[in-house]
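>>> give me a 3D structure for the following:
(one chain, ligands or ions: 2)
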Amino acid sequence: MSDDSLNALEIEELTLDEAELMEEILSEFAESRRHFIGQSSTAILSALVLGFVAKRNAFAGTTEALIGTPVADQNAVTVAFRINGVAKNVTLDSRVTLLDALRERLALTGTKKGCDHGQCGACTVLIDGRRVLSCLTLTAQCEGREVTTIEGLAKGDVLHPLQTAFVKHDGFQCGFCTPGQICSAVALLQEAKNGDLSYVSADVRQKPRSLQLSDDEIRERMSGNLCRCGAYPNIVDAIREVHTGKPTDPIGSWDPELKEVQDAAV
Ligand code: FES
Ligand code: FES
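Ligands and ions are numbered 1, 2, ... in the order given. Down below sits the predicted model:
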């Protein structure tokens, strides 16, 4: 049997999906196809395919490859906290951020990693109802705390009002920043109820129990959450609607003439 027919036989023993993955593996290893296959048994190829699938699943955010036992924890600490109402005990390296613990240990991949440096807001979650950047928070700091992520906002099949408003007002395009935007907005609404002031508050001498936020206030208070798609006007519309409790026509957001009419009517 020639080398070529042997190689063809080995390739045929792979499923169609595995064969496609093989092509990616071969290009990843940057070796000539003939040389690589000539030196590989089917068992080795299958092992490579399985490894590649696991790696790809991890990048795709599926849970299978994410919740396995981690490679040797150093400086291990066990943290007991609640996530989305469920008690969790996690043993991990004391230096692991909450963001990495959520995504890589607890398979809660709704929280996104953008900059990993506290600059974009994509990783925003709630701790005891207050918004925090999970990329700048150590998991060990969460001992005894209640962490809420985007996965914990809906009640069963019923979306949180802000989630519904974001859908209604098209408050996103790619959606990457959206979990952070919504978590941030949930805390923003509570801050307004508490009467917390901001940089653009008109009168800092007063601390009313409940603030009625202008669009400028909403923009300022959401300024830590960046949106590379530029969905800002619609995000403000969605938050204003929930904040005021007054439904607005989403068309008014992108039709300047109608928006003028609506603004004049208020
Ligand atoms: Fe945390 Fe960007 S990922 S602020
Ligand atoms: Fe794409 Fe905000 S919707 S980054």
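
>>> ok, now which ones touch the closest residue to residue 196 other than its chain neighbours?
Excluding the flanking residues, the one nearest residue 196 by Cβ to Cβ, 6 or more residues apart in numbering is residue 211, at 7.7 Å. (C-beta placed from N, C-alpha, C; glycine too.) Residues counted as contacts of residue 211 (Cβ atoms under 8 Å, 6 or more residues apart in numbering) are 192-193, 195-197, 201, 217.

>>> just the residues you listed: which are in helices?
Using DSSP state H, the subset of the contacts of residue 211 located in helices is 192-193, 217.

>>> select only the buried ones of the residues you listed in PyMOL?
In PyMOL, this line selects whichever of these come out buried by 16 or more other Cβ atoms under 10 Å:
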select buried, resi 192+217
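
>>> am I right that residue 228 is in contact with residue 176?
Yes - with contact defined as Cβ atoms under 8 Å, residue 228 reaches residue 176; the gap is 7.4 Å.

>>> what about the two, which has more around it?
residue 176 (17 against 12; other Cβ atoms under 10 Å).

>>> any idea how far ligand 1 is from residue 217?
Separation of residue 217 from ligand 1 (Cβ to the nearest ligand atom, to the nearest Å): 22 Å.

>>> just give the nearest non-adjacent residue to residue 129, would you?
Per Cβ to Cβ, 6+ apart, closest to residue 129 is residue 190, 6.1 Å.

>>> nope, residue 137 is what I was after
residue 98 (4.4 Å).

>>> and the two most separated of the contacts of residue 211?
193 and 201 (14.6 Å; Cβ to Cβ).

>>> below-threshold pLDDT in this structure: ranges please.
Applying pLDDT under 70 to the chain flags the ranges 1-73, 251-266.

>>> helices of that one, start to end?
Applying DSSP H to the chain gives helices spanning 3-12, 16-29, 33-38, 42-60, 98-100, 161-168, 178-194, 215-221, 232-244, 251-254, 256-265.

>>> hmm, back to that, in TSV: the contacts of residue 211, plus distance to residue 184.
Rendered in TSV, the data for the contacts of residue 211 read as follows (distance: Cβ to Cβ, whole Å):
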residue	distance to residue 184
192	13
193	15
195	18
196	14
197	17
201	18
217	14
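
>>> which bits of the stretch 151-266 of the chain sit near ligand 2?
172-178, 227-229, 231 (Cβ under 6 Å from any ligand atom).
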